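**Student:** Need the 3D shape of this:
(one chain, ligands or ions: 1)
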Amino acid sequence: MAVFLWRNLFQTTKARMLQQRRASLYNGAHDYDEELIKKKLQQFAGGSINLSKEHSGIGILTLNNSRLMNAFTGTMMLELQERVTELENWKDGKGLIICGAGNTFCSGSDLNAVKAISNSQDGMNMCMFMQNTLTRLMRLPLISIALIQGKALGGGAELTTACDFRLMTPGSEIRFVHKHMGLVPGWGGAARLVRIIGSRAALQLLSRAHGVDPERALHLGLSEGTLSSSDETGSLEEARAWLSQYTEGPASVIQAVKKVVTAGRELPLEAALRTEKDVFGTVWGGPANLEALTRRQKHK
Ligand SMILES: CC[C@@H](C(=O)O)C(=O)SCCNC(=O)CCNC(=O)[C@H](O)C(C)(C)COP(=O)(O)OP(=O)(O)OC[C@H]1O[C@@H](n2cnc3c(N)ncnc32)[C@H](O)[C@@H]1OP(=O)(O)O
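**Tutor:** Coordinates of the predicted model:
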């Protein structure tokens with residue numbers, strides 16, 4: 001009976017939390033027409049977003065458009081949304097590494113597409129589409145890393161801020177080039193950057209639009225560390241090893257850890273406390289908890 005009640009509570013709470021995570025920032029009430037922008041984005045094809053889910057519970061999401069330095073075409077934006085949905089449903093997932101193919105991260109939006117949708121309605125719809133997707137990415141119950149090799153420019157720099165951590169390879173660069181394009185970030189990059197490095201440093205990075213090298217990023221708290229390897233395979237291996245120190249343990253517990261931190265980061269205190277209570281309810285008396293009680297482990 002107790003197990004039945006626990007399972008019931010667990011399923012209900014989990015379903016409610018999944019629904020909250022997927023809830024879009026923008027919908028029809030904000031003059032947002034998702035179907036319209038999806039049709040538009042479909043016209044700018046090229047590249048792909050590949051996801052491989054490893055047995056360890058670490059997913060590798062690769063931006064793949066080497067010809068254009070992994071710039072985001074319209075279809076890549078659509079694929080990113082699909083991959084995020086797939087990750088939201090990954091029960092055994094614990095961590096995620098986002099990287100670019102061919103030794104570079106991402107050079108932002110595909111400028112050919114940007115030019116073609118430079119009217120206000122398309123621009124706003126694209127902005128809302130990407131904010132919705134990157135907000136869901138940030139809220140995934142997975143511990144995420146942006147592995148930055150080569151360049152992360154414009155929208156590519158914004159994407160790095162939707163991850164929990166950033167690791168950089170020697171010689172790499174994060175650069176919010178928007179000012180030079182007569183723009184500001186629109187994929188949520190400014191709001192997230194302020195939360196990561198504070199408003200003064202964010203103002204400096206956005207208003208000067210200079211590149212941030214690994215040393216400066218480390219100093220600003222934008223990057224967690226500089227890897228020793230700069231080649232694709234070696235740096236991915238290092239990033240995996242770095243991430244695995246945080247993903248050791250059952251997926252249900254790692255996911256719960258990420259959920260309570262997300263709530264603490266995003267919600268007012270009382271709402272965050274209530275979410276923490278709900279998440280606590282999903283692990284209390286759960287398999288990992290009962291096993292730990294049986295083991296009577298000492299934390300010396
Ligand atoms: C809403 C807008 C904003 C956002 O979404 O937030 C953006 O992201 S706008 C895009 C911002 N990015 C840029 O402006 C990048 C411009 N490109 C460069 O600065 C350079 O290409 C580079 C990325 C620094 C690489 O330089 P380099 O190593 O010398 O290579 P190439 O310049 O020869 O590049 C190879 C090839 O790739 C094309 N390329 C690169 N980035 C883009 C891009 N974002 N969109 C379209 N095409 C891109 C580049 O033009 C070259 O192609 P060819 O000229 O055909 O050889």
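
**Student:** Any idea how many residues pack against Met181?
**Tutor:** Look at Met181: counted by other CB atoms under 10 Å, it has 13 neighbours. C-beta here means a position set from N, CA and C on the backbone, and glycine is covered the same way.

**Student:** Pull the contacting residues for it.
**Tutor:** Gly154 (CB atoms under 8 Å, 6 or more residues apart in numbering).

**Student:** quick one: terminal-to-terminal distance for stretch 139-157?
**Tutor:** Stretch 139-157 has its terminal residues 18 Å apart, counting by CA to CA, to the nearest Å.

**Student:** To clarify, my last question referred to stretch 242-258.
**Tutor:** 17 Å.

**Student:** Now do that stretch: everything it contacts.
**Tutor:** By CB under 8 Å, 6+ apart, stretch 242-258 touches 56-58, 91-95, 97, 140-143, 145, 164, 167, 224-225, 227, 279-280, 282-283, 286-288.

**Student:** So for that stretch, what gets flagged as buried?
**Tutor:** 242-243, 246-247, 250-258 (16 or more other CB atoms under 10 Å).

**Student:** Output these in a markdown table, with pLDDT and distance to Ser48 appended to each entry.
**Tutor:** As requested, the buried residues of stretch 242-258 are exported to a markdown table (pLDDT from 0 to 100; distance: CB to CB, whole Å):
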| residue | pLDDT | distance to Ser48 |
| --- | --- | --- |
| Trp242 | 98 | 26 |
| Leu243 | 98 | 23 |
| Tyr246 | 98 | 28 |
| Thr247 | 98 | 26 |
| Pro250 | 97 | 32 |
| Ala251 | 98 | 27 |
| Ser252 | 97 | 31 |
| Val253 | 98 | 33 |
| Ile254 | 98 | 28 |
| Gln255 | 98 | 27 |
| Ala256 | 98 | 32 |
| Val257 | 98 | 31 |
| Lys258 | 98 | 27 |
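
**Student:** ok, which pair from those is furthest apart?
**Tutor:** Trp242 and Ser252 (22.5 Å; CB to CB).

**Student:** Quick one: name the residues of this structure near the ligand.
**Tutor:** Counting by CB under 6 Å from any ligand atom, the residues of the chain close to the ligand are 68-69, 71, 107-112, 114, 151, 153-155, 158, 177-178, 181, 183, 185-187.

**Student:** Please indicate which of those residues are buried?
**Tutor:** 68-69, 71, 107-110, 114, 151, 153-155, 158, 177-178, 185-187.

**Student:** from these, which ones fall inside strands?
**Tutor:** 151, 153 (DSSP state E).

**Student:** Narrow the buried ones among the residues of the chain next to the ligand to those in helices?
**Tutor:** Of those, the ones assigned to helices by DSSP state H are 114, 155, 158.

**Student:** Tell me who's in contact with the second one.
**Tutor:** The contact partners of Gly155, taken as CB under 8 Å, 6+ apart, are 72, 106, 108-109, 130, 187, 189.

**Student:** Next one, pLDDT for it please.
**Tutor:** For Gly155, the model assigns a pLDDT of 98.

**Student:** That one and Gln43, how far apart?
**Tutor:** Gly155 sits 18 Å away from Gln43, going by CB to CB, to the nearest Å.

**Student:** Return the distance of the residue nearest to Leu206 when sequence neighbours are not counted relative to Ile197.
**Tutor:** Nearest non-adjacent residue to Leu206, counting by CB to CB, 6 or more residues apart in numbering: Phe176, 5.3 Å away. Applying CB to CB, the value for Phe176 to Ile197 is 11 Å.

**Student:** Touching, Leu25 and Met130? I think so.
**Tutor:** No. Using CB atoms under 8 Å, Leu25 is not in contact with Met130, being 10.6 Å away.

**Student:** okay, those two: which has more neighbours?
**Tutor:** Neighbour count, other CB under 10 Å: between Leu25 and Met130, Met130 has more, with 25 against 14.

**Student:** next structured bit after the strand or helix carrying Ser235?
**Tutor:** Here Ser235 sits within helix 232-247, counting by DSSP states H and E. Next in sequence after helix 232-247, counting helices and strands by DSSP H and E, comes helix 251-266.

**Student:** Tabulate the buried residues of stretch 242-258 (JSON lines), appending distance to His210.
**Tutor:** Shown next, in JSON lines, are the buried residues of stretch 242-258 (distance: CB to CB, whole Å):
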{"residue": "Trp242", "distance to His210": "27"}
{"residue": "Leu243", "distance to His210": "29"}
{"residue": "Tyr246", "distance to His210": "31"}
{"residue": "Thr247", "distance to His210": "34"}
{"residue": "Pro250", "distance to His210": "43"}
{"residue": "Ala251", "distance to His210": "40"}
{"residue": "Ser252", "distance to His210": "43"}
{"residue": "Val253", "distance to His210": "41"}
{"residue": "Ile254", "distance to His210": "36"}
{"residue": "Gln255", "distance to His210": "38"}
{"residue": "Ala256", "distance to His210": "40"}
{"residue": "Val257", "distance to His210": "35"}
{"residue": "Lys258", "distance to His210": "32"}
